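Q: here is a sequence together with a model predicted from it:
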Amino acid sequence: MTTSAVSLVEKQPAPPSQPNPQAGRANPKTKQAGGSGAKVDASLLFAVEDVHTLPLVVTSAMPPPIISTHLAKATTASGDGLGKGRRKGKKGQTKASMARLDFLNKKVNADMVRDRGNLGITMTENEYMVHLASTSGSTGGAMAQTQGFYRSKKVTPYTSNTSFNPSSVRYDTQTLNDSTANPKAASNFLNTIYDTRRANLEGEKQSTLTTVNLDDAATLTTPETQSTRISKKIPESNSSTNPLQGEIEQIRGYLDMLDQYSLHNFLIWKGACVTNTPEFSSFKRKYDSYWGSILSVLDLLEKLMKSYEIPLAVIDGAKVADLAACDAPVIEQEDLLECISNLDQILPIIESKSSSDLIFGKKGTSKHLKSSIVKIQTWARKELTMRWYIREILRRRAATYIQTEWRRLSSEWRVREMLRVREGKRKVQWDKLSEVFRRDWKTKFDPDLPYDIDNPRPKVIVHVPSLSLEEYLRLGLPRFPISQNLQLQRLVDVGNEDVEVVYVSPFPLDDEIVDYYKKILQIGGIETPSSKFTVVVPENKDIFPSHFPLSSILMYSPHAVNRIRQICRGKSAYIVGGVQGWQEKRLGLELNLPVFQPDLQVSNLYSTRGGAKRAFISADVSVPVGAHDIYDEEDFVIALTKLIASNLDVGRWMFRIDADYNNVGCAYFDVSHLRCVRDLRKEREQLYLIHKGDVTVWHHPDVQLLARAKVLKDLRGALHQRGVCCGKEVFLTFKQFLAHFMRVGGVIEAEPVGVVGRPSVNMMITPHGEVRVQSCVDLLVDDESTVIGSSYPMKSVPLKALEGAGLAVSRELAERGMIGYYSINFVAYRVRGEDGQKGGLRMVGMAIEPQLTVAASTYKFVKYVCGEAALGRGVKLSRSYGAIDSMYNPSLGSVQYGSFFKLCRMQAVSFDLESLSGLMFLLFDTLSAGVLGMVAVGGTVAEGLERLSGGFSFIKQNVGTPAAYNEVNLKDLDGFGDTVGGSMVSFVRTMKSVEETAEKAMALQKERKMKRLLKEAAVTG
């Protein structure tokens, strides 16, 4: 038989498949085609009888088919593949629709796979027949293979340049009966070869397939393929060369046209694809290159139809192929619905099915019953689990809370017990120190013990001039660190040969200041003052805020504490503090030194205004008219109303806070602002006339009730408007002062009319209870009742009266545990006599300061400079002086230390060592700080105050500009604030107060001198 080259347009063969169970056994006649048993070429197959083996002739090279990489991905969708959460693109686009765009970009690759008619393939007739036989034989198990294909890794089969894989060809081993005997076999072959999931045709047995070794000619038989079966039914054509060839070409042309022009619509009946239709067969042939992906989509469609119980659905194969070509990882339900042609009939069924029907099924069915049982059990398990979980959570929380509270309480108990034990140890240590201090006071600690060269008793006095005040006072005091350093005069305690002084300074002192005080100590007779005193500065002063008390900073500075310990080692030592707080006792325990001060409870009690009044009343010392222990505003107003109504002659009422320092917490109210007071005074005079001068009539209860009603009506409106605060640096408004007054408590006192002076007695109570009078001075105050200095000797009241009152109060204090240095302040005034004559002199107690005050330190300083310290404590100072504790002038910051004292020498502002008179400046810090103190010594108080006033004039003329002082002088000092000259206010106020006091002293001195001369003249006459 001759061969002819046939140009064919073929489809790409299907991927390798399992043997087709429907294929028949090979025809025995095919064994003769092998000739004499020669070896068969692997590229040729015997398809029909009497076909000779010819070599492969390829007229044009054909490249291997291009397989889309999308088809090589494994389908990993589980279940029905209807993902609920899908990735959204633009509005109206699904993931599948976006993937289709990617598919169109790769359309060339798919077209080359599907439409291989564009590729020219030239092969022999036998090759074509072999290819057709292999195609029809290999597609039988394609459907069976694809069941697990999309669930496993998708593999593209190897294809040769002739577009089929010869090594994967399977041969039919089932022998078909003659076409006349079995007419159904040929007609139903094409309908059954593609669907292995369906049951076999009636009467046909399940067959098996065997693989034939192409290299073994002995076992090679000619398979009976689709073309051979069709050729048996078609009569021979008129072709002279090969009558069967024409018929085959006609059938092939019909199949190609069916594949090309068919709509490929197939059915899904009751959730299963109908695969035995020509449309489905054509659909499978056309899209055989990526049939695995299509099977995935078909499986999802079947599940969708089953879930909604749709009986019949017409599927558009082209849309299924497009959806499968997208190879989307998750296919949405909307994309599957687009593949249904009769969607208008199916959509109402889908919409009518509720979600409950999908989950539970229809009511009354077994599915509904099982689903309901599962749901009830699930809910019950959930409830039981949640109750168990909540119970366990509550138990755990309760256990955690109990454990936490137990740990907290046990920790608190341990800490409390530890603090109790530590406090007990400290109390034992403190009692031991106090006992030793009391026992050895007269032999070791008394600073007034005379020096015994044969039996020296060295002692160290640690001076800590700390102001342990309330925080609001410390924050309000200007230049607080300098205020704690105003007692550098304590260095004169080294006048006793046995005494060594350790002075704790809040900041480092310049060498100029240390040298200045060394010279002063040399004046008193100490040749080597450097060996007699030591200045200790806490190293942690810059770490803590500037308003911290000095004792606290020292306690938190271990190096300074260790230095003090080394200095005091082997010597009798004790601490003399300032304003006492809890820090002093803790510091004494840290240094293991006694503190020459009372207990904190005693100190806090008698440092208040109310506690001082109780002490004065117990000692039968007069106190000002007023009320104390006031903590409510209504009580405050009622008490003030009663006091004003019963004491119409008092022009000013003072309000003093209990916890006060240097009258900072003071305010006053002038009754001249009340109109009713003038009317009440007139009514009182009329009552005196009616009752013939009986002064008791005004204090009658009925009269007082009427007077109080009038006063109360005017007082409520005028109190907040006319009240004036003395310490404006702490309390800006009277309302703020009154609020703090109610919180802390305070007293209301009448400001006496005709004040003569403010005497103060400086006392000391030894640990044995011995009371000693150190000195008696007059305090200098400004117009706001703030103490600015002192003068000696005291001239306002008789000395014996002042000492007697001081001793009486001191005995009461000694009985209550008071020890150490303290000062008792009084106010002396004259009572109005008859016919305008001067009345008697009276004195009332004002306050108790349980610490070594600046006035007491200044007295000891002047006594040392005048050379009278060695005479003993029983000898009073013979000289007079006036002293200013401190004054602030910002212009001093622009003057150099040497230039300032050079100006003093040029203008004869100095202290004369021969006459022991003159003016001395006290340095507390560098001149740049603008703070100085002054001591003017003279023969009389008036002379000392006059020289003190001259010192102010010297500073005014040589420091700063006259315009600054003149601007302040032209202003109202009471309302002067932080303006251009505001920094000069305190200096000008102090200067004016000193000038007025000096004038009064000079007038009093002249008056006394005149009385003395008249008395002498009367005696001589």
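A: Great, that's in hand. Residues are numbered from 1 along each chain as shown.
Q: helices or strands up against the helix or strand harbouring residue 424?
A: Element membership for residue 424, per DSSP states H and E: helix 366-439. Here helix 366-439 is seen to pack against helix 355-360, helix 582-591 when contacts are counted using 3 or more CB pairs under 8 Å, 6 or more residues apart in numbering; DSSP states H and E. Quick note: C-beta positions are derived from backbone N, CA and C, even for glycine.
Q: can you flag the weakest of those by average pLDDT?
A: Mean pLDDT per stretch puts helix 355-360 lowest among those, at a mean of 51.
Q: on that earlier part again, neighbouring strands - and their directions - for the helix or strand immediately after the helix holding residue 424 in the chain?
A: Scanning forward in sequence from helix 366-439, with DSSP H and E defining helices and strands, the next element found is strand 459-467. Strand 459-467 sits in its sheet next to strand 499-504 (parallel), strand 572-579 (parallel), going by DSSP bridges.
Q: alpha carbons of strand 459-467, as CSV, please.
A: Included here for strand 459-467 are C-alpha records, laid out as CSV according to Å, rounded to 0.1, in the frame of the first residue of the first chain:
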residue,chain,number,x,y,z
LYS,A,459,33.2,69.8,123.4
VAL,A,460,31.9,70.3,119.9
ILE,A,461,28.7,72.3,119.2
VAL,A,462,27.2,71.4,115.8
HIS,A,463,25.2,74.3,114.6
VAL,A,464,22.5,73.4,112.0
PRO,A,465,20.5,76.7,111.4
SER,A,466,17.8,74.8,109.5
LEU,A,467,14.3,76.3,109.0
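Q: quick one, that strand and helix 582-591 angle?
A: Compare the direction of strand 459-467 with that of helix 582-591 by axes from the mean of the first three to the mean of the last three CA atoms, to 10 degrees and you get 150 degrees.
Q: what's the next secondary structure element after strand 459-467?
A: Next in sequence after strand 459-467, counting helices and strands by DSSP H and E, comes helix 471-476.
Q: give the next helix or strand downstream of that following helix.
A: Following the chain from helix 471-476 toward its C-terminal end, the next helix or strand by DSSP H and E is helix 480-483.
Q: so where's the stretch 351-500 of the chain uncertain?
A: For the stretch 351-500 of the chain, applying pLDDT under 70 flags the ranges 354-364.
Q: try it again with 90
A: Low-confidence regions of the stretch 351-500 of the chain, defined by pLDDT under 90, span residues 351-374, 440, 442-459, 469-479, 493-499.
Q: what's the spacing between the residue lying closest to residue 437 once chain neighbours are set aside and residue 568?
A: Leaving aside its chain neighbours, residue 437 sits nearest to residue 594 (3.8 Å; criterion: CB to CB, 6 or more residues apart in numbering). Here residue 594 is placed at a distance of 11 Å from residue 568 (CB to CB, to the nearest Å).
Q: now the nearest residue to residue 467 once chain neighbours are set aside: how far from residue 1017?
A: Once flanking residues are discounted, residue 467 sits nearest to residue 579: 4.8 Å by CB to CB, 6+ apart. With distances defined as CB to CB, the gap from residue 579 to residue 1017 amounts to 52 Å.
Q: thinking again about what came up before, I figured the residue nearest to residue 467 hits residue 469, correct?
A: Yes - using CB atoms under 8 Å, residue 579 and residue 469 qualify as a contacting pair, with a distance of 5.8 Å.
Q: what number of residues lie near residue 785?
A: Burial of residue 785 is recorded as 18 neighbouring residues (other CB atoms under 10 Å).
Q: one step back: looking at the strands paired with strand 459-467, which one is packed in the most?
A: By mean neighbour count, with neighbours taken as mean count of other CB atoms under 10 Å, strand 572-579 ranks first of the strands paired with strand 459-467 at a mean of 24.
Q: report the mean confidence score over that one.
A: Strand 572-579 shows a mean pLDDT of 92.
Q: before we move on, what about stretch 544-563?
A: The average of the pLDDT scores along stretch 544-563 is 93.
Q: give me the buried stretch members for it, please.
A: Judged by neighbour count (16 or more other CB atoms under 10 Å), stretch 544-563 contains these buried residues: 547-557, 560-561, 563.
Q: for stretch 734-742, same thing?
A: Applying a neighbour-count criterion of 16+ other CB under 10 Å, one finds 734, 737-738, 740-742 buried in stretch 734-742.
Q: okay if I get these as a markdown table plus secondary structure and pLDDT?
A: A markdown table is the format used below for the buried residues of stretch 734-742 (DSSP: H, G, I helix; E, B strand; the rest coil; pLDDT from 0 to 100):
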| residue | secondary structure | pLDDT |
| --- | --- | --- |
| 734 | helix | 89 |
| 737 | helix | 90 |
| 738 | helix | 90 |
| 740 | helix | 89 |
| 741 | helix | 91 |
| 742 | helix | 90 |
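Q: need those in CSV with distance to residue 378, can you?
A: Listed next are the buried residues of stretch 734-742 as CSV, based on distance: CB to CB, whole Å:
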residue, distance to residue 378
734, 76
737, 74
738, 72
740, 69
741, 73
742, 69
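Q: all helices for the stretch 801-950 of the chain, in order.
A: If you assign secondary structure with DSSP state H, counting those that start in this stretch, the helices in the stretch 801-950 of the chain sit at 854-865, 897-906, 941-958.
Q: which one of those lies nearest to residue 504?
A: helix 854-865 (14.8 Å; CB to CB).
Q: okay, the angle between that closest one and helix 941-958?
A: Using the same axes, to 10 degrees: helix 854-865 against helix 941-958 is 100 degrees.
Q: quick one: contacts for residue 730?
A: Residues touching residue 730, when contacts are defined by CB atoms under 8 Å, 6 or more residues apart in numbering, comprise 472-473, 476-477, 664-665.
Q: 7 Å - rerun?
A: Remark: with contacts taken as CB atoms under 7 Å, 6 or more residues apart in numbering, residue 730 is in contact with 472-473, 476, 664.
Q: if we can go back for a sec, which of the helices of the stretch 801-950 of the chain is buried the deepest?
A: Among these, helix 854-865 has the highest mean neighbour count (mean count of other CB under 10 Å), at a mean of 24.
Q: outside of it, which residues touch it?
A: The contact list for helix 854-865, computed with CB under 7 Å, 6+ apart, reads 486-487, 489-490, 492, 495, 520, 523-524, 760, 762, 774-775, 777, 779, 790, 792, 821, 823, 869, 877, 881, 883, 885, 935, 937.
Q: in strands, which of the residues you listed fall?
A: If you go by DSSP state E, these have 760, 762, 774-775, 777, 779, 790, 792, 821, 823, 881, 883, 885, 935, 937 in strands.
Q: and the two most separated of those?
A: Using CB to CB, the two most remote members of the ones in strands among the contacts of helix 854-865 are 821 and 937, lying 23.1 Å apart.
Q: follow-up on the earlier one: now the strands paired with strand 459-467 as a markdown table including distance to residue 373?
A: As requested, the strands paired with strand 459-467 are exported to a markdown table (distance: least, CB to CB, whole Å):
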| stretch | distance to residue 373 |
| --- | --- |
| strand 499-504 | 89 |
| strand 572-579 | 87 |
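Q: that's all I had, so thanks and see you.
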